[in-house]
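**Student:** below are the sequence and a predicted model; questions follow.
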Amino acid sequence: MDNLKFREIKITDKNLFNKYLSRSSFMGSEYSFPSLFIWRYRYGYKIAEFNGHLIVSVTDKLNNYFFYPVGDGNLKETIEAIFNYSQKVGWKCRIAAITKENIGTLEQVFPNKFRFISKREFSDYIYDSASLINLSGQKYKSKRNHINRFIQEYGEVSYEDITPNNIDECKEGYNQWLENKKDKGEEIDSFSDEIIAMKECFNHYQDIGLIGGLIRARGNLCSFTFGSKINNETFGINVEKSLIECQGGYAVINKEFARRHASEYKYINREEDLGIKGLRQSKLSYHPLFLLEKFTAIHKGILL
């Protein structure tokens, strides 16, 4: 029993992902269904159910690999199925999105059969949700100052949940965000994959389980964000954009959205920084509770 059958991800798979993740402690951003759906073309995501596990295969521009199985089935049988599938299709057996805890489990089941590597840029930033909502203490003074300056400039914060009535404003806002990047000398072609993903986000945000919010400044769109549940304790931020003309927009949407939609969760996952200097500085400025280090297991070539 090792015949994995992968298929394309569909909108109707949202409940399938929720079933597996709601009873798991997996808090990595990889298994966020909205993220997988909107980026499915870029990374060639496909899914398979096997032996009580849900498995995602990835066909990247450089590598083919799998995400660590989520579920409560027999891990040994599932990993063996992944190994056999890799051999059948000519892939090297690589399993990504592995935590330190997962390494211990894999080593117990398959001692010395894998080597493990990690890269700092793929670690998820995990925050205490109450800290991002309250912004209390000296370490968040600069964030409070950003918000206070926003209020002094634009008046009280005007927040709205994203609905079919205002989603088109977010589309226009994203186009303006791209124009701002172009004006700063950045190549729009470098955002081609993101543009496709954002189109999927805007077109299907309700059906794939996204929750969104926006901030207005003097009646005009300033910033917007989308997030979604990862598991019963963790809420993920999938998208966050603010227009350059709107100073403090990021700080305001971060706080207001978390207050309304993440207060029932213990953690907020703001995903990785991909090694981008500015993004890393921004994520560190919110003082993560910890970085969720993730490893890739590469099979050593020893028969399982």
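**Tutor:** Everything's here; your move. A quick note: this is a predicted structure, and the numbers were derived from the prediction, not measured. Numbers count the residues shown, from 1 in each chain.

**Student:** need the three-state assignment for the residue lying closest to residue 32 once chain neighbours are set aside.
**Tutor:** Leaving aside its sequence neighbours, residue 32 sits nearest to residue 236 (Cβ to Cβ, 6 or more residues apart in numbering; 4.9 Å). Heads up, the C-betas are built off the backbone N, CA and C, glycines and all. Secondary structure state of residue 236, per DSSP: H, G, I helix; E, B strand; the rest coil, is strand.

**Student:** surely residue 236 meets residue 29?
**Tutor:** Yes: using Cβ atoms under 8 Å, residue 236 is in contact with residue 29, at 5.7 Å.

**Student:** and the two? Which one has more around it.
**Tutor:** Each of residue 236 and residue 29 has its neighbours counted (other Cβ atoms under 10 Å); residue 236 has more, 26 against 23.

**Student:** beta partners of the more buried one?
**Tutor:** Residues in a beta bridge with residue 236, per DSSP bridges, are residue 228, residue 269.

**Student:** circling back to that earlier point, contact partners for the residue nearest to residue 32?
**Tutor:** 29, 32, 35, 227, 228, 229, 230, 268, 269, 270, 271 (Cβ atoms under 8 Å, 6 or more residues apart in numbering).

**Student:** ok, the third one to residue 131 distance?
**Tutor:** Same thing as residue 35. 23 Å (Cβ to Cβ, to the nearest Å).

**Student:** in terms of neighbours, single out the busier of those two.
**Tutor:** Set residue 35 next to residue 131 and count neighbours by other Cβ under 10 Å: residue 35 wins out with 24 against 18.

**Student:** for the more buried one, give its distance to residue 205.
**Tutor:** Noted for residue 35: a distance of 12 Å to residue 205, by Cβ to Cβ.

**Student:** how about low-confidence regions in the stretch 151-300 of the chain?
**Tutor:** The model of the stretch 151-300 of the chain has no residue with pLDDT under 70.

**Student:** helices of that one, start to end?
**Tutor:** Per DSSP state H, counting those that start in this stretch, the stretch 151-300 of the chain carries helices over the ranges 167-183, 192-204, 249-261, 277-284.

**Student:** double-check residue 286 against residue 127; I have them as touching.
**Tutor:** Yes: counting by Cβ under 8 Å, residue 127 is a contact partner of residue 286 at 6.2 Å.

**Student:** what sits in contact with each of those two?
**Tutor:** Joint contacts of residue 286 and residue 127 (Cβ under 8 Å, 6+ apart) are residue 270.

**Student:** higher neighbour count, those two?
**Tutor:** residue 127 (23 against 18).

**Student:** could you list the paired strands of whichever strand or helix holds that one along with their orientation?
**Tutor:** Using DSSP states H and E, residue 127 sits within strand 124-128. Sheet partners assigned to strand 124-128 using DSSP bridges are listed as strand 267-269 (antiparallel), strand 290-292 (antiparallel).

**Student:** got the contact list for the last one?
**Tutor:** In other words, strand 290-292. Applying Cβ under 8 Å, 6+ apart, the contact partners of strand 290-292 are 27, 28, 99, 123, 124, 125, 126, 269.

**Student:** would you list those in a markdown table and tack on distance to residue 280 and neighbour count?
**Tutor:** What follows is the contacts of strand 290-292, written out as a markdown table (distance: Cβ to Cβ, whole Å; neighbours: other Cβ atoms under 10 Å):
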| residue | distance to residue 280 | neighbour count |
| --- | --- | --- |
| 27 | 20 | 20 |
| 28 | 18 | 27 |
| 99 | 21 | 18 |
| 123 | 10 | 18 |
| 124 | 13 | 26 |
| 125 | 9 | 24 |
| 126 | 15 | 21 |
| 269 | 16 | 24 |
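
**Student:** tabulate the residues you listed (a markdown table), appending distance to residue 60.
**Tutor:** Formatted as a markdown table, the contacts of strand 290-292 follow (distance: Cβ to Cβ, whole Å):
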| residue | distance to residue 60 |
| --- | --- |
| 27 | 23 |
| 28 | 17 |
| 99 | 21 |
| 123 | 18 |
| 124 | 18 |
| 125 | 22 |
| 126 | 24 |
| 269 | 21 |
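
**Student:** now stretch 187-205: buried residues?
**Tutor:** 191, 194, 197, 198, 200, 201, 202, 205 (16 or more other Cβ atoms under 10 Å).

**Student:** then stretch 100-115?
**Tutor:** Neighbour-count burial for stretch 100-115, counted by 16+ other Cβ under 10 Å, picks out 102, 103, 106, 109, 110, 113, 114.

**Student:** cool, stretch 282-294 as well?
**Tutor:** For stretch 282-294, burial by neighbour count (16+ other Cβ under 10 Å) applies to 282, 283, 286, 288, 292, 294.
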